[in-house]
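>>> Give me a model of this one.
(one chain, ligands or ions: 1)
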Amino acid sequence: MTPRPRSIVVLTGAGVSAESGLGTFRDKDGLWTKYDLQDVATPEGFARNPVLVHDFYNARRRNLVEATPNAAHAALAELERRFDGDFLLVTQNVDDLHERAGSQKLLHMHGELLKIRCERCDMVRPHRDDLDLVTACPACGTAGSLRPHVVWFGEMPLYMDAIDDALALCDLFVSIGTSGQVYPAAGFVADVRRRGQAHTVELNLDPSDGFSLFAEKIYGPATDVVPAFVQRLLATT
Ligand code: APR
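As a prediction, the model looks like this:
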């Protein structure tokens with residue numbers, strides 16, 4: 001463990017929610033082995049077949065409301081609470097398990113499954129039920145203009161300025177439960193290394209595509225390795 005960090009950025013991916021029963025994308029039975037992401041996670045797919053896209057996200061929304069946060073989510077919320085320096089949790093996940101575990105300093109760079117957006121007036125609001133093609137936007141009244149507030153491939157991730165600012169200042173960058181295959185998140189570790197002032201750690205089930213860029217690597221299920229890492233970190237800070 002390096003000396004006491006003053007500013008921590010944590011990045012999470014689908015692996016942190018895997019043990020809560022939510023699927024990952026690229027593991028052997030992941031979502032992209034069952035659906036073509038071009039059909040359900042692109043604006044073109046939504047324009048081509050909005051019913052299929054609503055069915056896909058309705059099923060994920062129903063699955064999410066049945067899921068519960070796991071020990072890895074709880075450990076990250078405890079780290080935020082007890083760490084006395086700057087802390088930011090950036091998640092690629094669209095589930096709300098970090099929030100339900102108590103995380104507050106949290107940015108969803110790929111949007112949120114339990115929110116909807118109007119393609120006509122850009123209204124964003126919480127929404128836990130199924131979405132369909134006829135419900136009218138509660139803000140502008142347009143029927144059929146509502147979509148999941150999720151960032152699709154080809155769209156700009158959210159909060160990138162705030163994320164870049166935090167990455168520029170951090171002296172500890174921790175990547176958890178992500179395959180490191182989707183940019184810009186997969187490039188965060190290289191951004192941090194280029195500035196040369198941060199310790200970089202990967203916690204994952206298996207080595208990610210970017211594993212060689214991390215100074216420290218800890219492999220195992222998130223519910224094992226994340227609480228242990230957080231306790232060790234809090235003991236030194
Ligand atoms: N504990 C820790 N890591 C795990 C666990 C677990 N129990 N189970 C799986 N993993 C790891 C896998 O080894 C893999 O490296 O989680 C990672 C999941 O990778 P992906 O399925 O590619 O998910 P992610 O990296 O979050 O995908 C990034 O791609 O499809 C888009 O927008 C989507 O946000 C998503 C982005």
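>>> Around Lys217, how many other residues sit close by?
Counted with other Cβ atoms under 10 Å, the neighbours of Lys217 add up to 15. Every C-beta, even on glycine, is put in place using the N, C-alpha and C of the backbone.
>>> Give the pairing partners of the helix or strand it falls within; include direction for each.
Assessed by DSSP states H and E, Lys217 sits inside strand 216-219. Its sheet considered, strand 216-219 pairs with strand 199-204 (parallel) by DSSP bridges.
>>> Which stretches in the protein count as helices?
For the chain, the helices defined by DSSP state H cover 37-40, 43-48, 50-66, 71-82, 97-101, 160-169, 188-195, 222-236.
>>> Need those helices in TSV (columns: mean pLDDT).
Listed next are the helices of the chain as TSV, based on pLDDT from 0 to 100:
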stretch	mean pLDDT
helix 37-40	96
helix 43-48	97
helix 50-66	96
helix 71-82	98
helix 97-101	98
helix 160-169	97
helix 188-195	96
helix 222-236	96
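>>> how's this protein carved up into domains?
7-20+69-110+157-236, 23-66+113-150 (automatic domain parsing).
>>> Can you say which of the ones you listed is packed in most?
Comparing the domains of the chain by mean neighbour count (mean count of other Cβ atoms under 10 Å), domain 7-20+69-110+157-236 comes out on top with a mean of 19.
>>> Quick check: end-to-end length of that domain?
End-to-end distance of domain 7-20+69-110+157-236 (Cα to Cα, to the nearest Å): 14 Å.
>>> Same check on stretch 26-44?
Counting by Cα to Cα, you get 21 Å between the two ends of stretch 26-44.
>>> coming back round to it: out of the helices of the chain, the one nearest Lys115 is which?
Closest approach to Lys115 among the helices of the chain (Cβ to Cβ): helix 50-66, 10.3 Å.
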